[in-house]
Structure formats: C-alpha cells, structure tokens
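Asks: only the shape, not the letters, is given here:
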C-alpha cells in the first residue's frame with residue numbers, strides 16, 4: 001500500500017488538532033524538546049538506568065523488557081517498581097509544545113511513555129481532564145486500567161472529562177503503574193486483539209478521531225502493536241512526524257496503517273503548530 005511522505009506540516013494536521021478531530025499520540029521522543037534535566041527518554045536509556053541499580057546478565061542488559069523481567073523474577077516486583085519510580089522521579093519541565101498540546105480541545109491524548117510531563121502541562125492549564133493508565137497484571141490481576149482525576153485520586157471508571165489522557169504503558173504519577181517487563185506486555189498483548197485492555201471510553205472516542213504521532217518510533221514490535229490496536233476502528237486520517245528515514249518495518253507499518261509520514265524535525269513541527277495557533281500556548 002502506498003503511503004505519502006510530506007516535507008511540510010499540512011493544514012489538515014494543524015486544523016484537526018486545533019478542532020479536536022485529530023488526537024495527539026505521544027512517544028518518548030517528545031522529551032527531547034524539554035529544557036533541563038529529563039528522565040530516560042528511550043528504552044535503551046531506561047534499560048541502562050535499571051541495570052545500573054541491579055546486575056543482570058550481559059546478553060539482556062540492553063533489552064529493556066528482558067532486563068525488567070530478570071529484575072522482577074530475581075529481585076521481586078517491588079524492586080522493579082522502585083527502580084522505575086526512581087528513574088521517573090526526575091520531573092521534566094513541560095516544553096512549549098506540551099503546553100500547547102495541553103490546551104487543545106482534544107477528546108483524547110495518548111501518551112505512550114512513563115514520564116509525567118504531559119500530565120504536568122495539563123495540570124497547569126486546566127481542570128476538565130482525567131487520566132487512565134494501563135495496569136500490570138502482576139499487581140492488578142483482572143483489572144486492566146486505573147482511572148485518576150487531575151489531583152491523582154483514584155476515580156470510578158470512566159471519567160467523562162473533556163479530555164482523557166490515556167497512558168497505555170502506565171506512568172510514574174500518581175501510583176507508579178508500569179508495563180515494562182516481558183510478562184507485563186505478554187499479558188496485555190494476549191488480549192489486545194480483542195481490545196480488552198483498551199478502555200471502553202477510549203474506544204468510543206477514537207471512532208471519530210484520527211491520530212498525529214509525535215515523538216514516536218515504530219522500529220520495535222511493542223510500539224507498533226499498541227499503536228495498531230489503539231488506532232483500530234478510528235476515523236483517521238493519521239500522520240506521523242518522523243524526520244529520520246523509516247526502517248523497513250517502520251515503512252511497512254506506516255503503509256499498512258495508512259499513516260502519512262511528515263519528514264520534518266519534531267522541533268520544526270512544534271514551531272509550526274504553535275505559530276499557527278499562538279493563543280493556545282500557555
């Protein structure tokens with residue numbers, strides 16, 4: 001299947017985000033736009049942090065999910081969660097783009113990384129939002145997601161907020177929920193084809209939305225699997241800001257999912273978005 005590549009940010013992306021018909025889908029690359037200290041912003045960096053605290057076999061030292069599984073198996077789940085909490089205790093200052101995104105009328109924002117930065121930007125900007133995070137079956141067997149209000153208090157399922165922040169891999173705040181080990185992901189991927197781990201409200205809202213991927217790479221099976229299932233039955237269109245030449249598997253994924261690649265640096269895309277709607281910058 002053919003998929004388009006654009007060198008500039010289309011008006012349809014700008015207008016769709018501003019109108020709330022396109023939903024931001026954020027990855028760890030967004031942390032590169034933050035000034036000052038930031039927590040680990042890619043799987044390899046996070047694996048290095050975890051294995052600096054707990055010794056793991058060399059052959060899995062650089063593989064995040066395998067290293068996390070070793071720590072969970074041989075040092076207990078609490079040791080893994082504590083190490084993740086320490087890694088993400090570094091609170092990055094939200095970038096201008098994250099503040100811009102937080103002010104959007106988006107029914108849904110997907111944030112597929114563990115940091116608290118977008119949550120902090122939302123908390124600064126407004127009160128009409130709620131959050132839903134993926135839960136590890138090792139700690140919450142039979143319960144796939146947890147809902148939280150803007151103050152971090154546990155809330156009923158679901159929160160009918162104007163904007164729902166969906167963190168499918170969990171997050172540091174408010175409760176240290178993490179999908180990070182092999183077992184965590186196997187449990188979810190076993191059920192995700194039939195959509196069980198994806199909140200019903202997310203499924204309802206995506207039906208009228210397309211997605212704009214910012215700070216995401218698809219050069220690993222996990223981000224592809226989650227994006228594919230979260231996008232399922234969504235209205236489209238879909239776009240991905242991806243300045244680097246896609247790998248063979250990334251190119252195949254973009255084509256299969258009908259995602260238009262925008263081949264421009266994330267910082268340039270951010271500048272174009274904020275220049276188009278400066279009133280949204282908090």
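Replies: Cool, got the structure. Keep in mind the model is a prediction, meaning the values are calculated, not measured.

Asks: how is this protein carved up into domains?
Replies: Using automatic domain parsing, the domain parsing of the chain gives 5-39+88-280, 43-87.

Asks: pLDDT on the longest one, on average?
Replies: With pLDDT averaged residue by residue, domain 5-39+88-280 scores 94.

Asks: hang on, isn't residue 128 packed against residue 160?
Replies: No - Residue 128 lies out of contact with residue 160 (C-beta atoms under 8 Å); the separation is 10.3 Å. Placement of C-beta: from N, CA and C, glycine included.

Asks: who has more neighbours out of the two?
Replies: residue 128 (11 against 8; other C-beta atoms under 10 Å).

Asks: what's near enough to touch that one?
Replies: The contact partners of residue 128, taken as C-beta atoms under 8 Å, 6 or more residues apart in numbering, are 161-163.

Asks: now the strands for the stretch 151-282 of the chain?
Replies: 154-155, 163-167, 170-171, 177-178, 210-214, 238-241, 259-262 (DSSP state E, counting those that start in this stretch).

Asks: could I get those in CSV, plus columns for distance to residue 227?
Replies: CSV is the format used below for these (distance: least, C-beta to C-beta, whole Å):
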stretch, distance to residue 227
strand 154-155, 26
strand 163-167, 12
strand 170-171, 16
strand 177-178, 19
strand 210-214, 7
strand 238-241, 9
strand 259-262, 9
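
Asks: ok, which of those comes nearest residue 18?
Replies: Proximity to residue 18 (C-beta to C-beta) singles out strand 210-214 among these, at 11.4 Å.

Asks: separation between the spatially most central residue of the chain and residue 19?
Replies: By C-alpha atoms, centre = their mean, the chain has its centre lying nearest to residue 112, at 1.5 Å. Distance check for residue 112 against residue 19: by C-beta to C-beta, to the nearest Å, it reads 23 Å.

Asks: hmm, residue 133 and residue 144 touching each other?
Replies: No - the pair residue 144 / residue 133 is not scored as a contact, 10.0 Å apart, by C-beta under 8 Å.

Asks: who has more neighbours out of these two?
Replies: Neighbour count, other C-beta under 10 Å: between residue 144 and residue 133, residue 133 has more, with 25 against 21.

Asks: need the residues that contact the helix or strand encompassing that one.
Replies: For residue 133, the host element (DSSP states H and E) is strand 129-134. Residues from elsewhere that reach strand 129-134 (C-beta under 8 Å, 6+ apart): 119, 122, 144-150, 155, 157-159, 161-171, 175, 177, 179, 188, 197, 199, 201-202.

Asks: please repeat the previous calculation with a cut-off of 7 Å.
Replies: Contact with strand 129-134 is made by 119, 122, 144-150, 155, 159, 161-171, 177, 179, 188, 197, 199, as judged by C-beta atoms under 7 Å, 6 or more residues apart in numbering.

Asks: what helices and strands are in contact with the next helix or strand after that strand?
Replies: Later in the chain than strand 129-134, the nearest helix or strand by DSSP H and E is strand 145-148. Strand 145-148 sits against strand 129-134, strand 154-155, with contacts defined as 3 or more C-beta pairs under 7 Å, 6 or more residues apart in numbering; DSSP states H and E.

Asks: if we use 6 Å, what do you get?
Replies: strand 129-134 (3 or more C-beta pairs under 6 Å, 6 or more residues apart in numbering; DSSP states H and E).

Asks: partner strands of the strand it packs on and their direction?
Replies: Strand 129-134 sits in its sheet next to strand 145-148 (antiparallel), strand 163-167 (parallel), going by DSSP bridges.
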